[in-house]
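Colleague: just coords:
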């Protein structure tokens, strides 16, 4: 049962929205609250493109802090970078964030997906280099550590970003769209000439721990021919057959093959969740991608925020929260991966 309480003003990404705040009684809670981690979590690994060793620490943060990156190796300039859609410098191979001082951090999509997947909206991510480590090529190690650390509730209401009308962008035959839906759903379609991947499609609601169970262990993938080209260009220097699934025609060159028969499309969905997490609040809507990637998803967010009629910022009720990643989540949802 809902009871009108008040009309309040909320701001997201510099845009003001007026929201009818309703009271929804569920286990004594009127609204869903923001969350952060209970304790600091540390990671160490290699940058996928730089090949350089890098350390990352993810620390708890206060309510309304959001998610920020801090380049601890940068001391002569502003080293804080907001994890936000308007800080993205669009590139085809990863998600790159750049602040106004030109300080950047790249390959943020997997750690952002992991934070969104466990329902964390506030954290400080400290990185001692220009790139987040690739780890095993998926988000599983991030998710496992976050679940072990635990999630802490904060004394401020959470917000959601509700999509009010369809927004679509395209680049050649690649298409990405957001449209209204009462649940957060991701649908993806990919098509590759390599028989090991071929054409794959998947649609999944992100509610009830689906990201952790179904997507977080899916690794980045690439074609051997593309690896050769990237290395000639000085990229993918930290990539190997253990932190990426490499295919060549019908062959899977990485030992053990795929973790899922459709691991490739699952990883594209993982990337999409990480890139959408830069919206500044969990999305209530349906994302669909066809051959789309990091750059096009960011173009989609820019198109969404270009018109305030496209969306509304709402206070999150417990009923809404049940439809988002991180709800009803248990450590047992995480698959044991190689």
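Modeller: Yes, it's here. No experiment lies behind these values; they were computed from the predicted model shown.
Colleague: what's the host helix or strand of residue 273 packed up against?
Modeller: Applying DSSP states H and E as the criterion places residue 273 in helix 263-276. On a contact count with 3 or more CB pairs under 8 Å, 6 or more residues apart in numbering; DSSP states H and E, helix 263-276 meets helix 109-117, strand 185-191, strand 199-205, strand 221-223, strand 286-290, helix 294-305. To be clear about C-beta, it is placed using only N, CA and C from the backbone, and glycine gets the same treatment.
Colleague: in its sheet, what does the third one sit against?
Modeller: The strands beside strand 199-205 in its sheet (DSSP bridges) come out as strand 185-191 (antiparallel).
Colleague: just the mean pLDDT for the strand it pairs with, thanks.
Modeller: For strand 185-191, mean pLDDT is 97.
Colleague: which parts of the stretch 51-200 of the chain are strands?
Modeller: With strands called from DSSP state E, counting those that start in this stretch, the stretch 51-200 of the chain shows them at 53-60, 67-71, 80-82, 88-90, 95-98, 104-106, 123-127, 151-157, 159-163, 167-171, 174-179, 185-191, 199-205.
Colleague: now these as JSON lines including distance to residue 278 and mean neighbour count?
Modeller: JSON lines is the format used below for these (distance: least, CB to CB, whole Å; neighbours: other CB atoms under 10 Å):
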{"stretch": "strand 53-60", "distance to residue 278": "16", "mean neighbour count": "19"}
{"stretch": "strand 67-71", "distance to residue 278": "9", "mean neighbour count": "21"}
{"stretch": "strand 80-82", "distance to residue 278": "9", "mean neighbour count": "18"}
{"stretch": "strand 88-90", "distance to residue 278": "7", "mean neighbour count": "16"}
{"stretch": "strand 95-98", "distance to residue 278": "8", "mean neighbour count": "21"}
{"stretch": "strand 104-106", "distance to residue 278": "12", "mean neighbour count": "22"}
{"stretch": "strand 123-127", "distance to residue 278": "13", "mean neighbour count": "22"}
{"stretch": "strand 151-157", "distance to residue 278": "20", "mean neighbour count": "15"}
{"stretch": "strand 159-163", "distance to residue 278": "11", "mean neighbour count": "22"}
{"stretch": "strand 167-171", "distance to residue 278": "15", "mean neighbour count": "16"}
{"stretch": "strand 174-179", "distance to residue 278": "13", "mean neighbour count": "20"}
{"stretch": "strand 185-191", "distance to residue 278": "15", "mean neighbour count": "20"}
{"stretch": "strand 199-205", "distance to residue 278": "20", "mean neighbour count": "15"}
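Colleague: got TSV for those, with distance to residue 117 too?
Modeller: Below are the strands of the stretch 51-200 of the chain laid out as TSV (distance: least, CB to CB, whole Å):
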stretch	distance to residue 117
strand 53-60	13
strand 67-71	13
strand 80-82	20
strand 88-90	20
strand 95-98	16
strand 104-106	20
strand 123-127	13
strand 151-157	11
strand 159-163	16
strand 167-171	23
strand 174-179	19
strand 185-191	12
strand 199-205	12
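Colleague: related to what we said a few turns ago, what's whichever helix or strand comes after the helix holding residue 273 in contact with?
Modeller: The helix or strand immediately downstream of helix 263-276 is strand 283-284, counting by DSSP H and E. Here strand 283-284 makes contact (CB atoms under 8 Å, 6 or more residues apart in numbering) with 160-163, 178, 181-184, 276, 314, 320, 323-324.
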